[in-house]
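Asks: Sequence first, predicted model second:
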Amino acid sequence: MSRTGCTSLIRAEKILTYIAYIGAVGFMELLREFQYPKSSLLNLLNTMVECGFLVKNSQGQYTLGIKNYELGCQALHRKNIFEVTKRPMQALSAQSGLICHLGTIENGYAIYLDKVETPGTAPTRKSWIGKKLELHVTALGKALLAWKSKEEIDYFMGTLALAKYTENTITDKKAFISELQKTRSRGWAIDNEESAYGAVCLSMPIFDLYHRVNYVISLSGNPFIFSGKKKEHYLSLLKQCSEQISEGLGFKKQPRFSNKGSVYDYKV
């Protein structure tokens, strides 16, 4: 059985991923990057243009076509966010023995969209679906802000009052921006008794098809639960859950391309 069609499909996927990362590329650059036979590459590109997956601009460069967006939107519109998050969150709560929350940002607040408790978790009435949370004192809020653009962060910084709730609350804008940078660098956020004494929360971002962060997940507990090396265990569980949900929303890790033809790997 011939694998020609399969080979072409694999090559097309690599080309689309590369162009999505670079933006616009010419034929010679693609030829150098992937080292496919010249005639095969040209035929493949022409076919992708004909199908709408690529567009050839006036400079002779290839960019992504609207077909990719159409298919992605159709796939996402058929998915309810809770269809993607429910099982991973249930598994996270069961494995950790802690309460798991799903949050988003709305009207300048972090909002609980979902809450998962298991028989092993200690019940609490301090959180509920729909509860509004201050962005600057919560792990959810920090994770929601940390992956925003500079312009978006500047906008939110202009609206935040940075009210003080405990001795750990960050009330200085420069210090809070530094905290967001640290959050993005390490990949997770923490509320270290900043919103209330005795309450600690860890949160991680959920990435969508376009590498945007519109949702985050978190685990809540007390300072003892997250003390010492225990925190690393819970971060590992959070990461597994966030990656699973991100993949369910169409996220793919950003490719790092080399100059060795079709060889590339992924950034962590």
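Replies: Arrived safely.
Asks: what's the burial count for residue 70?
Replies: Applying other CB atoms under 10 Å, we find 11 residues neighbouring residue 70. For glycine as for every other residue, the C-beta is placed from the backbone atoms N, C-alpha and C.
Asks: typed the wrong thing, it's residue 175
Replies: Residue 175: 10 surrounding residues under other CB under 10 Å.
Asks: Does anything pack onto the helix or strand encompassing it? Which helices or strands?
Replies: Residue 175 belongs to helix 173-186 when assigned by DSSP states H and E. Other elements packing on helix 173-186 under the criterion 3 or more CB pairs under 8 Å, 6 or more residues apart in numbering; DSSP states H and E are helix 139-146, helix 150-157.
Asks: Contacts for the helix or strand just after that helix, please.
Replies: Scanning forward in sequence from helix 173-186 by DSSP H and E, the next helix or strand is strand 189-192. Strand 189-192 is contacted by residues 137-143, 146, 168, 183, 199-204, 216 when judged by CB atoms under 8 Å, 6 or more residues apart in numbering.
Asks: Can you flag the buried ones in those?
Replies: Buried residues within the contacts of strand 189-192, counting neighbours by 16 or more other CB atoms under 10 Å: 137-143, 146, 183, 199-204, 216.
Asks: Residue 176: which of those is nearest?
Replies: Distance to residue 176 across those (CB to CB) is lowest for residue 142, with 8.6 Å.
Asks: Could I get the pLDDT score of the closest residue to the closest one other than its chain neighbours?
Replies: Spatially, and ignoring its direct neighbours in sequence, residue 142 is nearest to residue 189 (3.7 Å; CB to CB, 6 or more residues apart in numbering). Residue 189 carries a pLDDT value of 97.
Asks: again, but for residue 74
Replies: Residue 74 is given a pLDDT of 65.
Asks: before we move on, what about residue 216?
Replies: At residue 216, the pLDDT value in this model is 96.
Asks: secondary structure class for it?
Replies: Following DSSP: H, G, I helix; E, B strand; the rest coil, the label given to residue 216 is strand.
Asks: Residue 202 is in contact with that one, correct?
Replies: No - counting by CB atoms under 8 Å, residue 216 does not reach residue 202; the two are 10.5 Å apart.
Asks: so who does the residue positioned nearest the centre of the chain touch?
Replies: For the chain, the residue nearest the mean C-alpha position is residue 207 (1.8 Å; CA atoms, centre = their mean). Shown in contact with residue 207 (CB under 8 Å, 6+ apart): 147, 213, 246, 249, 251.
Asks: Quick check: the last one is in a strand.
Replies: No - looking at residue 251 with three-state DSSP, it is coil, so not inside a strand.
Asks: Next, the contact list for it, please.
Replies: 207-209, 211.
Asks: Relative to residue 106, which of those is nearest.
Replies: residue 208 (16.5 Å).
Asks: Spatially nearest residue to the closest one (excluding sequence neighbours)?
Replies: Spatial nearest neighbour of residue 208, chain neighbours left out: residue 249 (4.5 Å); criterion: CB to CB, 6+ apart.
Asks: What score does the one you found have for pLDDT?
Replies: Confidence at residue 249, expressed as pLDDT, is 87.
Asks: Check the one 10 residues further on too.
Replies: At residue 259 the predicted local distance difference test score is 41.
Asks: same question, residue 165
Replies: 95.
Asks: For residue 84, see how far away the residue nearest to residue 208 is.
Replies: In this view, residue 249 and residue 84 are 6 Å apart by CB to CB, to the nearest Å.
Asks: Residue 62: how many residues sit nearby?
Replies: 24.
Asks: Quick check: beta-bridge partners of it?
Replies: Legend: beta-bridge partners of residue 62 under DSSP bridges are residue 25, residue 56.
Asks: For residue 54, grab phi and psi.
Replies: Note on residue 54: backbone dihedrals following degrees, to the nearest 10 are phi -130, psi 160.
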